[in-house]
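Participant: how would this look folded up:
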Amino acid sequence: MTESTIQETEQTSGEIVRTGLSVSILKQAILDNLYYMQARFPKVASLNDYYLALAYTVRDRLLARWIQTAQTYLEKGSRTVCYLSAEFLLGPQLGNNLINMGIYDEVKQAVEELGLNLSDLFEQEEEPGLGNGGLGRLAACYLDSLSTLRFPAIGYGIRYEFGIFNQEIRDGWQIETTDKWLRLGNPWEIPRPEITFNVQFGGKTEHLLDSKGRHLVRWIPDHIIKGIAYDTPISGYQVKTANFLRLWKAEACESFDLQSFNVGDYYKAVDQKIVSENITKVLYPNDEPMAGKQLRFKQQYFFISASLQDMIRIYLQRETSLAGFHQKYAVQLNDTHPSIAVAELMRLLVDEHQMDWQQAWEITEQTFGYTNHTLLSEALEKWPVSLFNQILPRHLEIIYEINHRFLTIVRQRYPGDENKVQRLSLIGESGQRYVRMANLACVGSHAINGVAALHSKLLTQDLLKDFYDLWPEKFSNKTNGITPRRFMVLSNPGLTQLITNRIGDKWIKDLSELRQLEEAADDPDFCQQWHRAKYEAKVLLVRQIKSRTGIVVDPDSLFDVQVKRIHEYKRQHLNCLHIISIYLKLKKNPHLEITPRTFIFGGKAAPGYFMAKLIIKLINSIAGVINADPDTKDKLKVVFFPNFNVKNSQMIYPSGDLAEQISLAGKEASGTGNMKFALNGALTIGTLDGANVEIREEVGAENFFLFGLTQEEVSRKKEEGYHPYEEYQSNEGLREVLDSIRSGIFSPYNPSLFNPLVDSLLCYDEYMLLADYQSYIECQNRVGEAYLDKARWTRMSILNVARMGKFSSDRAIREYCQEIWNVQPVVIDQE
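Facilitator: This next block holds a predicted model:
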């Protein structure tokens, strides 16, 4: 900005319209952006016009921080975290940026003085649906913490044109509709058309010798796609640091074939554009058909190749040799989706930059860290060798070479143990040959971590045991965490203000400060205020439930909530069995005294996952029967809250009384919904699974409702032979519940509708619902009794919040930076 321009935009206060923070300057900036960005004047401007004008106003102030941050990093050559993730579930940006930048109150006043309501503008923002659930939301929390703690970082992912589907419920079934999150524009992103990289697919390789006799490989692709960068700045809380998320969009190298057009072949004229842009068209295509598998495979390689090329570009701005690449970058693979990065970095170093194999491998191994997010072996990605050979022929050669050298080490370490060699191999040989992507990540990374203490322990004992035996020093635990800025300060302002009035606001950046609340749990006045704050949050959700579903619920009832991805291992159907058991008791005795409950479900099922979609139908069918039955009036309500996402979660987490975290022990890696509910004062009913174990240790066994088999008991029961039908025969209550489903009480027009679900439980019961059923019912009885004692329940709620300090994403990021990434904070002094 020139001096004359600055003088023109300065007000009498000395502030600049583009960056000033006073209410009067913010008002002027909003109107300026309405005029000059939206080309609207107030009388004809829509709410969306005003939202965009406000978003650009906030973005201007954020960009000033981002530019200064980037300039500082470049000047200092700061070591940088690069977080590679196929998903980033950011959530709406406006409110979060207002909180982090410390201008929420000023903007609220400015908006009100313009005759608008800030909440109405929040509602205009489309949520970027760039993730399925916990994996993408964790990545977003980590970006927030990296900026807040001033660690240099870049997130890399995919700019899906259509995100995870929007969910509608019709006749009780999930219906998927297109998530057109970009239809009205995205004011938070900065297109970077000058930052583009070619990404190659298919073709063949040629092996040559150069003039010095060195072996060279040339990959001759049959298709090239262009990756274009789009950047979103990520603000830190009460700091000047702003890191960024770089997402890649796919485009054709040549979008329009004029020759084909001129001869009348109009479809061929745009064919390359369509084929190329399909790569980033939609989040996680249905990969049941081979075309879906190919597209998902291409998506993963596309963003990895563009990201690594970008890192090299940035690195060479200051350096002339890639020998120190691993000293500049700490690259984290968020699950197995980005693990092709190991082979791609080797290709770039060896083929494109003519580096010696051994040096390239040492750089590669020191660059990458790998986070595993699952205990389900079927969730570890494996790609057919034939698919690799068709789409990434050079990478298959590189993987073969990595595998050859790796298995040589294994055979030296374990002579004669070919079974171990087969288990560790990057290539699976049983049946169709395939590449094991988790094995590639383990071999190509210097650090491997799980995401909860139990999960990390089970990785070393089972799923990755052979790698742990070989390299125990690589393994560690990094329990997941959540950002309190979004999931408390923004989403639960009532409880936030109550806590801050009591202990100050340091807890927002240091969650361990919440320990000071413990003494307040015995203060009757504070407990009364706490109960009131929780009640007000429930009233807000009551209004939304009526608006979205038409169901009227009582905020005085116990809000029993299970919101998460719909999957058999999450055991939403166990929750259903409990609801039915209560309903059957009330039908036998309508005057039975029970604790009034509202059961709230939410979550999406994968479009091709029949059983998960049948569970959604069961929930809605149960709701249809119970909510219409006069015998259950004022005692029992069931709600399925549609289209669960980050925006909706910010209403639901503050309102929960009881959080259902009921997966079978040993199946959930960590879970973060359990942390979000507990931080907002909900009590947990759960098994000893994932992070539940650590939450219970922190909050105290007396403040946690525990049920179910332990992981050791699960293993032992399965080894001895688990027979679910025996559980059915021996438990009269369970038998009544399952028989009621099979009889058609909840599907009178199609009595056999839910037979596949019942048959699965009686014949297989992979996730052992029937084994845990009685323990769950008895635990729920204890929950109902506890809720009737309001003083006891409120005290437990306060103690849960007071002891949640461990579960901040700030703590997790500090551990990664200190123990894996070796990255230091960089202070940004904004001019």
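Participant: the residue lying closest to E518 once chain neighbours are set aside: neighbouring residues, count only.
Facilitator: Using C-beta to C-beta, 6 or more residues apart in numbering and skipping the chain neighbours, the partner closest in space to E518 is A802 (4.7 Å). Bear in mind the C-beta positions are built from the backbone N, C-alpha and C, glycine included. For A802, the count of nearby residues is 23 (other C-beta atoms under 10 Å).
Participant: so what's A802 up against?
Facilitator: Going by C-beta atoms under 8 Å, 6 or more residues apart in numbering, A802 touches L514, R515, Q516, L517, E518, A520, A521.
Participant: try it again with 7 Å
Facilitator: Contacts here follow C-beta atoms under 7 Å, 6 or more residues apart in numbering; on that basis A802 touches L514, R515, L517, E518, A521.
Participant: out of those, which comes closest to I99?
Facilitator: Nearest to I99 among these: L514, at 17.6 Å, using C-beta to C-beta.
Participant: does the closest one really touch K806, like I thought?
Facilitator: No - judged on C-beta atoms under 7 Å, L514 makes no contact with K806 at a distance of 10.3 Å.
Participant: out of the two, which sits in the more crowded spot?
Facilitator: L514 (24 against 17).
Participant: ok, that one - contacts?
Facilitator: L514 touches W507, V801, A802, M804, G805, counting by C-beta under 7 Å, 6+ apart.
Participant: between the residues you listed, which is nearest F368?
Facilitator: For the contacts of L514, the nearest to F368 is G805 (30.4 Å; C-beta to C-beta).
Participant: what about the closest one, distance to W793?
Facilitator: According to C-beta to C-beta, to the nearest Å, G805 stands 22 Å off from W793.
Participant: got the contact list for H223?
Facilitator: H223 makes contact with F201, G202, according to C-beta under 7 Å, 6+ apart.
Participant: from M290, how far out is it?
Facilitator: Look at H223 and M290: by C-beta to C-beta, they are 17 Å apart.
Participant: quick one, phi/psi of I175?
Facilitator: When read as degrees, to the nearest 10, the backbone of I175 gives phi -120, psi 130.
Participant: try Q167
Facilitator: With angles defined as degrees, to the nearest 10, Q167 sits at phi -100, psi 130.
Participant: for it, which non-adjacent residue is closest in space?
Facilitator: N643 (4.5 Å).
Participant: confidence score at that neighbour?
Facilitator: Looking at N643, its pLDDT reads 97.
Participant: my guess is it meets N166, correct?
Facilitator: Yes - assessed by C-beta under 7 Å, N643 is found in contact with N166 at 5.6 Å.
Participant: quick one: the strands in the stretch 401-550 of the chain?
Facilitator: With DSSP state E, counting those that start in this stretch, the ranges of strands along the stretch 401-550 of the chain come out as 427-428, 434-436, 447-450, 475-477.
Participant: scratch that, the stretch 701-831 of the chain is what I was asking about
Facilitator: With DSSP E, counting those that start in this stretch applied, the stretch 701-831 of the chain shows strands at 705-706, listed in chain order.
Participant: so K637: helix, strand or coil?
Facilitator: strand (DSSP: H, G, I helix; E, B strand; the rest coil).
Participant: hey, where'd the strands end up in the stretch 201-350 of the chain?
Facilitator: So, for the stretch 201-350 of the chain - with DSSP E, counting those that start in this stretch - the strands run 204-209, 215-220, 223-235, 242-252, 329-334.
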